[in-house]
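*Asks:* Got a predicted model here, sequence first, then my questions.
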Amino acid sequence: MSSPKHFLDIADLDTATLSSILSSARAMKDRRKGLPKGLREAGEPLKGRMLALIFERPSTRTRVSFEVGMRQLGGETLVLTANDMQLGRGETIADTARVLSRYVDAIMIRAARHSNLTELAAAASVPVINGLTDLTHPCQVMADVMTLEEHAGPLKDLTVSWVGDGNNVAASWIQAVGMLGGRLRIAAPAELAPAPGVMDWARARGADVRLTTSPEEAVRGADCVITDAWVSMHDTDAASRHNLLQPYQVNARLMRHAKPDARFMHCLPAHRGEEVTDEVMDSASSLVFDEAENRLHIQKSILLHCLGA
């Protein structure tokens, strides 16, 4: 029996596969322009397939985009939260993976810990998709890359600036640049810099990724500026984070250091007035709602990749 085709992290796939997923997502998006949201894809390529969606952490975009995407492809979904399962009450992750593999064709998990994802994937006999962990968020960043390339051209030709917490989304951006090319400039306080392991990976890969504590330095000459919420669901140090990150707000003053036509991105939900101002969020340069839409298209492409359809 062949091993399941997981989607755990961007760094796990080769460049050709990542490019193919992006290309497929763009094609599906183009085909659906002007069509009803509930219309299924021609041929219903995932008809008869069942996707389990496990949410150890709550979600809006991840849940809706995977549910709608699976239905557009002709398949069905089963949503499970921690309260619905034995996962948090004594049953091992491996046993849960083995049981679910008998019922469903693929599993997406939005995990409290990255180790939960990897343990699930190691024991599952069906594809497992990383819908978010505390370490990475590959589905989001694949949608980000798709969005940026729609508006600014190939990533390999662009300079992207990340401003703020060096969190899970930043880690997946580091992997994306390492695999697909381009330049990434990260501005973060030293206490919230990206994990050493992902920076070591970038250096070993020869990726053009640079780290600074200066937002102005990171943004200078950028084609796109990206930020994220200062406090995530797993963070318990909100007050300390706000104090550290106040100088990293993305506002009109900071955007003036980027290229005149620089874009702004944020994976949402945004805390307006904290990590980004209304002026930037609602500006003509903001791509945040295109990003949100593209979660649907990229995840459909990932589902087709994982299920071999």
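*Replies:* Okay, I see it. Numbers count the residues shown, from 1 in each chain.
*Asks:* residue ranges with poor pLDDT in the stretch 101-250 of the chain?
*Replies:* Scanning the stretch 101-250 of the chain with the threshold set as pLDDT under 70 gives 233-236.
*Asks:* what ranges do the strands span in it?
*Replies:* Applying DSSP state E, counting those that start in this stretch to the stretch 101-250 of the chain gives strands spanning 106-110, 128-132, 159-163, 183-187, 208-212, 224-227.
*Asks:* Tell me which of the ones you listed lies nearest to Ala218.
*Replies:* Between Ala218 and the strands of the stretch 101-250 of the chain, the shortest gap by Cβ to Cβ is with strand 183-187, which sits at 3.5 Å. Bear in mind the C-beta positions are built from the backbone N, C-alpha and C, glycine included.
*Asks:* Pull the distance from that closest one to the chain's centre.
*Replies:* Relative to the chain's own centre, strand 183-187 is displaced by 17 Å; criterion: Cα atoms, centre = their mean, to the nearest Å.
*Asks:* in the stretch 151-300 of the chain, which spans are helices?
*Replies:* 168-180, 196-205, 215-219, 238-245, 252-255, 278-281, 288-307 (DSSP state H, counting those that start in this stretch).
*Asks:* Which of those sits closest to Ala143?
*Replies:* Judging the helices of the stretch 151-300 of the chain by Cβ to Cβ, what sits closest to Ala143 is helix 288-307, at 4.2 Å.
*Asks:* what's the nearest residue to the residue most central in space within the chain if we skip its chain neighbours?
*Replies:* Nearest to the mean C-alpha position of the chain, counting by Cα atoms, centre = their mean, stands Gln140 at 1.8 Å. If you skip the residues right next to it in sequence, Gln140 has Cys267 as its closest partner in space, 5.0 Å away by Cβ to Cβ, 6 or more residues apart in numbering.
*Asks:* hmm, back to that, name the stretch among the helices of the stretch 151-300 of the chain that sits most buried.
*Replies:* A comparison of the helices of the stretch 151-300 of the chain by mean neighbour count, using mean count of other Cβ atoms under 10 Å, puts helix 168-180 on top with a mean of 25.
*Asks:* Check which helices and strands it is in contact with.
*Replies:* The contact analysis (3 or more Cβ pairs under 8 Å, 6 or more residues apart in numbering; DSSP states H and E) places helix 168-180 against helix 15-31, helix 138-152, strand 159-163, strand 183-187, helix 196-205, strand 208-212.
*Asks:* Now with 10 Å, please.
*Replies:* Contacts of helix 168-180 with other secondary structure elements, assessed using 3 or more Cβ pairs under 10 Å, 6 or more residues apart in numbering; DSSP states H and E, are made with helix 15-31, strand 128-132, helix 138-152, strand 159-163, strand 183-187, helix 196-205, strand 208-212, strand 224-227.
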